[in-house]
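Participant: A structural model of the following input is requested.
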Amino acid sequence: MIHRTAQDALLRLAGQFPVIGVTGPRQSGKSTLAKAAFPNKRYVTFDDKNMRELAKANPSDFISAFPDGAIIDEAQKVPEIFDALKMHVDNTEYTPGKFILTGSSQFRLRQNMTDSMAGRAAFLKLLPFSAKELVDAGVCPQNPYDVIFGGQYPPLYDPEKHFNPDDWYENYIDTYLDLDVKDQINPDNLSTFKKFIQICAVYSGQLLSMDSIARDVGVSAPTIKTWLSILETSFIIHFLEPDTNNLGKSIVKTPKLYFVDSGLLCHLLRLESKEELLLSRHKGGAVETFAVSELLKYRMNQGKKPNMTFFRDKKGFEVDTIADWKHTFAIEIKSSNAPEAKLSANTKKYLEMRNDENARNAVFYLGDISMTINGTNYVSWKEWSSFLE
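Facilitator: So this is what the prediction gives:
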C-alpha cells in the first residue's frame, strides 16, 4: 500500500478534536487512509444495509456501541447520526480522535458535519496521490507526461486491479454525475452538465470566463456560476484568485481555473495518448494543471489552506503562482526539460517589485534534477511537491 503523506496531519488533528471528517474527491483513498492511520479502530460502513438500518433506528445507541470510537464510512447516508455524535461528544469525556468520518458525497458529509459538529470537528482534505508519494513508493513513471496524461487517482495504481484509464475515467464521471451532481441540479440537465465539465477542461490553466463558458454550454452565466461551485466543492476543480498585494492594481478580478487531476483533464479533452498530449495545444495547460495540483496536495496533506494566488499587472506581466506560506514563493511553471535562465525572468522581476528579503522564486520544469542557479530554484517535476520542505 502506498503511504499517504496526509497521515501525519490526520493524526495531528485527531490528537485535538473528537471528530475528524476526511473529505476529498471520490476515489482519493479516504477510507484507506483512515484505516491505515487507526488500525485498531472499529470500521463500519453505511454501505452495509444492516448497519445503516441499525443506525437510523436508534442513532444514540448505535454511537454508544463504540465506546472506543470508530471509523464510520459513508456517514452521510445516515444524517441522523450527526446529532447523535454531537450529543455523545458533549455528554462524555472529551476524547480526541474518537470518531473518524469519511464519505464519498462531499456535499452531504460536510454540510451535516458543519451543521451539527461546529467546534467539535476538524476536516482533512485528501486529494489523489502526489508525485512524491508515487516516487517514494517506487511506482512513479520516469516520463512526466505518463503521469500528467495518466493522472494520479489511487485505483489506477492498485496492482491488484488492471484498469484501463480511459474506461476508469468514463465510469468515474458517470458515477460522479449520478451520485454527487444529480441531487444538486435539475436531473434533466445532467447531459448538459457533462458537456459543461468537458468545456471547463478547455479552460484549465486560464482565466475564468463565465460568459464564454455559458455561450459554449448554452445556459446562463448565473447557472454556470452555480455549476462551477459544485465542481469546486466536489474537488473536481480549484480556483487561484488574483494576488491582492500592493504592487499595483490587477488587470483582472477573475480567478484562474484548474482541474485537480491532470489525468481527468486529459480524458475530458479527449486526448488518447501522451503523444497526442505532446502535440496538443492544451499541453501547456495540462502541465500547469499538474504543477498547481501538486502544490495543492502539498498544503492539504499538511492540513493547511492553499494560500496560493497568481499575479498579473495592468500591462499583462504575469507570474503563474504566488505561494504565501512560511516564505513567499514566486513560481513560474514551464514545460521545458532544461533549466534555462530565461525561465526565471518573470519571477525575478516580481521579487524586485515586491522587495521582500524573505521572498523566493522557483521554476517548475520537466527535468529530472533539481538545482539552484543564480538564486533561483529550478525544481524537477518529481520533487515539486516537496521542494518547500
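
Participant: Strands along the stretch 51-200 of the chain, start to end?
Facilitator: Using DSSP state E, counting those that start in this stretch, the strands of the stretch 51-200 of the chain run over 70-73, 99-102, 121-125.

Participant: Point out the most buried one among the ones you listed.
Facilitator: Relative to the other members of the strands of the stretch 51-200 of the chain, strand 99-102 carries the highest mean neighbour count by mean count of other C-beta atoms under 10 Å, namely a mean of 27. Glycine gets a C-beta too; all of them are placed from N, C-alpha and C.

Participant: Sheet partners, orientation included, of that one?
Facilitator: The sheet places strand 99-102 alongside strand 19-23 (parallel), strand 70-73 (parallel), with pairing taken from DSSP bridges.

Participant: which stretches of the protein have low pLDDT?
Facilitator: For the chain, residues meeting the criterion pLDDT under 70 lie at 246-251, 388-389.

Participant: Tell me which residue lies nearest the centroid of the chain.
Facilitator: For the chain, the residue lying nearest the average C-alpha position, counting by C-alpha atoms, centre = their mean, turns out to be Leu127 (4.3 Å).

Participant: how near is it to Ile197?
Facilitator: Taking C-beta to C-beta, to the nearest Å as the measure, Leu127 and Ile197 are separated by 18 Å.

Participant: likewise Arg52?
Facilitator: Relative to Ile197, Arg52 is positioned 30 Å away (criterion: C-beta to C-beta).

Participant: more neighbours, these two?
Facilitator: In terms of neighbours (other C-beta atoms under 10 Å), Ile197 is the more surrounded of Arg52 and Ile197; the figures are 21 against 17.

Participant: The more buried one contacts Asp174, correct?
Facilitator: No. The pair Ile197 / Asp174 is not scored as a contact, 11.4 Å apart, by C-beta atoms under 8 Å.

Participant: Spell out which residues are contacts of both of the two.
Facilitator: Taking C-beta atoms under 8 Å, 6 or more residues apart in numbering as the criterion, Ile197 and Asp174 do not both touch any residue.

Participant: Just the CA coordinates for the longest helix along the chain, please, in PDB.
Facilitator: The residue-count maximum for a helix in the chain (DSSP state H) belongs to helix 283-300. Once non-C-alpha atoms are left out, helix 283-300 reads as follows in PDB (Å, rounded to 0.1, in the frame of the first residue of the first chain):
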ATOM      1  CA  LYS A 283      -0.100  20.700 -23.400                       C
ATOM      2  CA  GLY A 284       0.800  23.900 -21.500                       C
ATOM      3  CA  GLY A 285      -2.500  24.000 -19.700                       C
ATOM      4  CA  ALA A 286      -2.100  20.300 -18.700                       C
ATOM      5  CA  VAL A 287       1.400  20.800 -17.400                       C
ATOM      6  CA  GLU A 288       0.400  23.900 -15.400                       C
ATOM      7  CA  THR A 289      -2.700  22.000 -14.100                       C
ATOM      8  CA  PHE A 290      -0.300  19.200 -12.800                       C
ATOM      9  CA  ALA A 291       2.100  21.600 -11.200                       C
ATOM     10  CA  VAL A 292      -0.600  23.600  -9.400                       C
ATOM     11  CA  SER A 293      -2.300  20.400  -8.200                       C
ATOM     12  CA  GLU A 294       0.900  19.200  -6.700                       C
ATOM     13  CA  LEU A 295       1.200  22.400  -4.700                       C
ATOM     14  CA  LEU A 296      -2.400  22.000  -3.500                       C
ATOM     15  CA  LYS A 297      -1.600  18.400  -2.400                       C
ATOM     16  CA  TYR A 298       1.500  19.700  -0.600                       C
ATOM     17  CA  ARG A 299      -0.600  22.000   1.500                       C
ATOM     18  CA  MET A 300      -3.700  19.900   2.000                       C
END
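
Participant: C-terminal to it, what's the next element?
Facilitator: Stepping forward along the backbone from helix 283-300, the first helix or strand reached (DSSP states H and E) is strand 308-312.

Participant: Contacts for that next one next, please.
Facilitator: Residues outside strand 308-312 that contact it (C-beta under 8 Å, 6+ apart): 240-244, 247, 250-252, 256, 292, 295-296, 299, 317-324, 330, 350.

Participant: Swap in 10 Å and give it another go.
Facilitator: Outside strand 308-312, the residues that touch it by C-beta atoms under 10 Å, 6 or more residues apart in numbering are 207, 238-245, 247-248, 250-252, 255-256, 292, 295-296, 299, 317-325, 329-331, 346-347, 350, 353-354.

Participant: now that strand and helix 283-300, what's the angle there?
Facilitator: Taking axes from the mean of the first three to the mean of the last three C-alpha atoms, to 10 degrees, strand 308-312 and helix 283-300 form an angle of 140 degrees between their directions.

Participant: so how far is strand 308-312 from its chain's centroid?
Facilitator: Relative to the centre of its chain, strand 308-312 is centred 18 Å away, using C-alpha atoms, centre = their mean, to the nearest Å.

Participant: Report the next helix or strand after that strand in sequence order.
Facilitator: Following the chain from strand 308-312 toward its C-terminal end, the next helix or strand by DSSP H and E is strand 318-324.
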